[in-house]
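>>> My questions are about this predicted structure, shown below with the sequence.
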Amino acid sequence: QPFYDALYHTANYYLTTNATAPSISGSYTIGRVSFAGITTQRAKDLTYVFIFQNPQFYFLEGRIYYSSTTSEVAICVYDIFGNGYSRENVTNQLFGKVDNWISQINAYSSNYSKLLKAQHIVCANTDYVFNDYDQTAYSAIILGKSVCAGYAKFYALLTNGAGFDCLSVTSYDHAWNVVNLDGTYYNVDTTWDDDEYSDIPYIDYFLTSDSYIISGHFREDPYYDIAPLCYSNHANYGDTMIDSSGIYVATSDKDHVFAGMDTLVSYNDDVEYRWIACNTLDEVWFEVQGWTENNEWLDWYPEKYGNYVLMCQARICGYEEVYVEKSVGIEHHPYIKGKCQMPYTGEGGGYLIGFETYNNPNGQYRYEMLILDCTLLAEGKDAWIYTTGQCLVPETSFWTIWQPIYGYYWTLFRVYDADGNLLDEACYGFENIC
């Protein structure tokens, strides 16, 4: 343990600083680390395990220098990462991408879906291609091409970062992962599950037992002691499933809403999507877009102003019982562009309150502001305590000054057409408790 900890401390220094790596015999290294108290062979075994179990140290080579005489070992650093400033730039780039992916993983609620999302990310962003750095996470994350070692280290970085206990395991010619899901360890082989023709991977080697995955997966000796054995396939193994991290609203303006649902499926299944909505003004659900195959996007032009609950339902084609739904709130105002409430510093004090519309054709719109006292409302009393009435204005904005007493309030902003028909309304809550 002291030797392993010393390796970690030394490597972490070069991860977190822009110090230039020291050179030994013409090669960059992380410097000499003592392994006094253990055998040379044990030190070599631990060093190779350390390199594989710490994918965050992407700059480490598989080459080491060691001396039985001085009981020291030094891990080599790839030449392109020897310079501290170059390495710092790569570190920021690599972990920026990793942190973004971890956020996507943690957007899911179930641990199963989180591990599956991590598998999807690895396979969608990595091609199986040999290269000079294919034993590192750098090759998979930055270059987008690697071999099994890069796949396994990529997966370990994501899942460990998302809070799982995940190890990388090797045989004499292959690498994969062992991960803990809800107290049980399973094998995950992202390399063998990668489908070169699709961003959606297979699930043949996702959360499997040692006996199932044994072909091509004979662990090297150190990993029988380090990685827990996997005794069973996961209960969901081979099942068709669908999950979602939620709805992404790309655009929500005065004219339309453009949104999409992020879905996660167990394999490359066809998915149907249906969109429904409810305006909180009348609380009636209606269909916005019927079941549509393999199109997770909605381009919607609401016919009425208001606060909507927008829901997307998704299901696997042919498996109506395999189903997920998510919702999001949408505030749609086709006429009201913005509203403002701020302290008024002029004579008498109070609040300067106003709102703006996108236009005011021929000055015909009528503007109105009303204020509701939340305390009176809670007491069951008449709570509307202030109104401007409907007013004509020459521009596109309307302002008033109001001196409230201590309390909590809602302002209701309304705009009408020339005939007095309500076009749009919006609310804004504020407090005067200082």
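Looks like it came in fine.

>>> Tell me where the chain has helices.
2-16, 40-53, 84-106, 111-125, 137-138, 148-161, 190-193, 221-226, 374-378 (DSSP state H).

>>> Any chance of CSV for those, columns distance to Arg315?
All C-beta atoms are positioned from the backbone trio N, CA, C, and that covers glycine. CSV is the format used below for the helices of the chain (distance: least, Cβ to Cβ, whole Å):
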stretch, distance to Arg315
helix 2-16, 44
helix 40-53, 40
helix 84-106, 22
helix 111-125, 16
helix 137-138, 36
helix 148-161, 28
helix 190-193, 24
helix 221-226, 41
helix 374-378, 42
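
>>> okay, the ones you listed in CSV with mean pLDDT and distance to Gln313 next?
Shown next, in CSV, are those (pLDDT from 0 to 100; distance: least, Cβ to Cβ, whole Å):
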stretch, mean pLDDT, distance to Gln313
helix 2-16, 96, 45
helix 40-53, 94, 42
helix 84-106, 97, 21
helix 111-125, 95, 17
helix 137-138, 98, 37
helix 148-161, 98, 29
helix 190-193, 96, 28
helix 221-226, 78, 44
helix 374-378, 95, 36
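
>>> Have a look at the chain and report the helix or strand with the lowest mean pLDDT.
Lowest by mean pLDDT, DSSP states H and E among the helices and strands of the chain is helix 221-226, with a mean of 78.

>>> With mean neighbour count and distance to Glu325 added, can I get the helices of the chain in TSV?
Output for the helices of the chain, formatted as TSV (neighbours: other Cβ atoms under 10 Å; distance: least, Cβ to Cβ, whole Å):
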stretch	mean neighbour count	distance to Glu325
helix 2-16	16	42
helix 40-53	18	40
helix 84-106	15	19
helix 111-125	23	15
helix 137-138	26	36
helix 148-161	26	26
helix 190-193	23	28
helix 221-226	13	42
helix 374-378	13	33
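
>>> What confidence value was assigned to the closest residue to Ile385 other than its chain neighbours?
Nearest in space to Ile385, with sequence neighbours left out and distances taken as Cβ to Cβ, 6 or more residues apart in numbering, is Asp373 at 5.0 Å. Asp373 is assigned 96 on the pLDDT scale.

>>> if we can go back for a sec, of the helices of the chain, which approaches Tyr205 most closely?
helix 190-193 (4.7 Å; Cβ to Cβ).

>>> Tell me the strands beside the longest strand belonging to the chain, with direction?
Of all the elements of type strand in the chain, the one with the most residues (DSSP state E) is strand 319-332. Applying DSSP bridges, strand 319-332 is found paired with strand 306-316 (antiparallel).

>>> in the partner strand, what counts as buried?
By 16 or more other Cβ atoms under 10 Å, the buried positions in strand 306-316 come out as 306, 308, 310-316.

>>> Check stretch 228-242 too.
230, 233-234, 236-237, 241-242.

>>> Same check on stretch 19-35?
Neighbour-count burial for stretch 19-35 flags 21, 27-33, 35 (criterion: 16+ other Cβ under 10 Å).

>>> between these, which is closest to Val415?
For the buried residues of stretch 19-35, the nearest to Val415 is Ala21 (65.6 Å; Cβ to Cβ).

>>> next one: phi and psi at that closest one?
With angles defined as degrees, to the nearest 10, Ala21 sits at phi -70, psi 140.

>>> Quick one: residues contacting the most centrally placed residue in the chain.
Per Cα atoms, centre = their mean, the C-alpha nearest to the average position across the chain is that of Gln104, at 2.0 Å. Gln104 makes contact with 117, 121, 245, according to Cβ atoms under 8 Å, 6 or more residues apart in numbering.

>>> Can you say which of the helices of the chain is nearest to Gly429?
Per Cβ to Cβ, nearest to Gly429 of the helices of the chain: helix 374-378, 8.1 Å.

>>> counting contacts, what elements does that closest one pack onto?
strand 407-416 (3 or more Cβ pairs under 8 Å, 6 or more residues apart in numbering; DSSP states H and E).

>>> What's the separation between Phe355 and Glu368?
Phe355 is 10 Å from Glu368, where distance means Cβ to Cβ, to the nearest Å.

>>> do Phe164 as well
For Phe164, the distance to Glu368 equals 56 Å [Cβ to Cβ].

>>> With Glu220 instead?
For Glu220, the distance to Glu368 (Cβ to Cβ) stands at 77 Å.

>>> And for Val271?
46 Å.

>>> ok, now Asn421?
Distance of Asn421 to Glu368, computed by Cβ to Cβ: 13 Å.

>>> Good, we can wrap up now.
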